[in-house]
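**Student:** here's a sequence, model it:
(one chain, ligands or ions: 2)
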Amino acid sequence: MVSVPRDTCYVASEGLPEYKYSGYRPPTHSWNDYPPLKLILNAVHEALPGSTFNSLLLNKYKSGNDYVGWHSDDEKLYGDTPVIASISFGCEREFLLRKKIRRISREKPSCTRSANKEQHSFILKHGSLLVMRGYTQRDWAHSVPKRTKANGLRINLTFRYVYCELEQLSRFREPKIQELTKTIQKEKNAEVKKENN
Ligand SMILES: O=C(O)CCC(=O)C(=O)O
Ligand SMILES: [Fe+2]
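**Tutor:** Ligands and ions are numbered 1, 2, ... in the order given. Below is the predicted model of the structure:
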């Protein structure tokens with residue numbers, strides 16, 4: 001079984017695919033299993049008007065030895081320009097953002113270090129909200145590196161919007177079907193919001 005250097009679990013609205021990351025599948029729960037998470041979800045929706053999140057990845061960093069390596073959350077099911085909202089609790093940790101390099105113009109940018117080493121560092125404090133949007137996932141990689149001096153517990157909540165199969169299908173179909181799938185999805189989103197209130 002694949003493991004990661006921190007503890008994780010996943011919360012998602014009904015009908016969404018399981019979370020998979022390089023062969024790793026964290027345990028999955030529903031919003032109703034943890035009512036306080038629904039309150040946090042509502043607070044995030046309020047803080048970011050127009051946003052809709054339907055999934056949450058929780059990361060627990062038990063100490064400074066736990067980390068997340070360089071990666072981008074650029075899976076197709078998040079769409080081309082995902083909005084990702086990340087809340088941190090507990091021990092402050094450093095969050096790094098590094099520009100990817102585009103080797104050939106048509107090629108997807110890779111997570112390898114860019115020649116000019118364009119990198120930014122943010123300290124994620126207790127209660128902070130970090131938002132990644134636009135082409136951040138396509139063009140940048142991020143990580144929370146090991147910090148042996150950070151000896152406290154940190155919990156991170158990462159909210160995302162996962163497109164369901166219906167929406168993914170709508171990309172390839174004719175306009176009338178696209179319209180229909182959009183209407184169904186809107187109704188589903190309204191249901192999810194109602195459920196969470
Ligand atoms: O813990 C963090 O701040 C980042 C977590 C993250 O990048 C992820 O779960 O994809
Ligand atoms: Fe990430």
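
**Student:** host element of whatever residue of the chain ends up closest to ligand 1?
**Tutor:** Using CB to the nearest ligand atom, the closest approach of the chain to ligand 1 is made by residue 156 at 3.4 Å. Using the backbone N, CA and C atoms, a C-beta is placed for each residue, glycine as well. Using DSSP states H and E, residue 156 falls within strand 154-160.

**Student:** which strands and helices sit next to that strand?
**Tutor:** Judged by 3 or more CB pairs under 8 Å, 6 or more residues apart in numbering; DSSP states H and E, the packing partners of strand 154-160 are helix 35-47, strand 55-61, strand 84-90.

**Student:** got those as a markdown table, with mean pLDDT and mean neighbour count columns?
**Tutor:** Putting the helices and strands packed on strand 154-160 into a markdown table (pLDDT from 0 to 100; neighbours: other CB atoms under 10 Å) gives the following:
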| stretch | mean pLDDT | mean neighbour count |
| --- | --- | --- |
| helix 35-47 | 96 | 14 |
| strand 55-61 | 96 | 21 |
| strand 84-90 | 98 | 20 |
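
**Student:** hmm, back to that, give me the neighbour count for the residue of the chain closest to ligand 1.
**Tutor:** When neighbours are counted by other CB atoms under 10 Å, residue 156 registers 22.

**Student:** so the nearest residue to it once chain neighbours are set aside bridges to which residues?
**Tutor:** Distance criterion CB to CB, 6 or more residues apart in numbering; nearest residue to residue 156, sequence neighbours excluded, is residue 59 at 4.3 Å. Beta bridges link residue 59 to residue 8, residue 156, judged by DSSP bridges.

**Student:** quick check, residue 59 in contact with residue 86.
**Tutor:** No. Checked against CB atoms under 8 Å, the pair residue 59 and residue 86 is beyond contact range at 9.3 Å.
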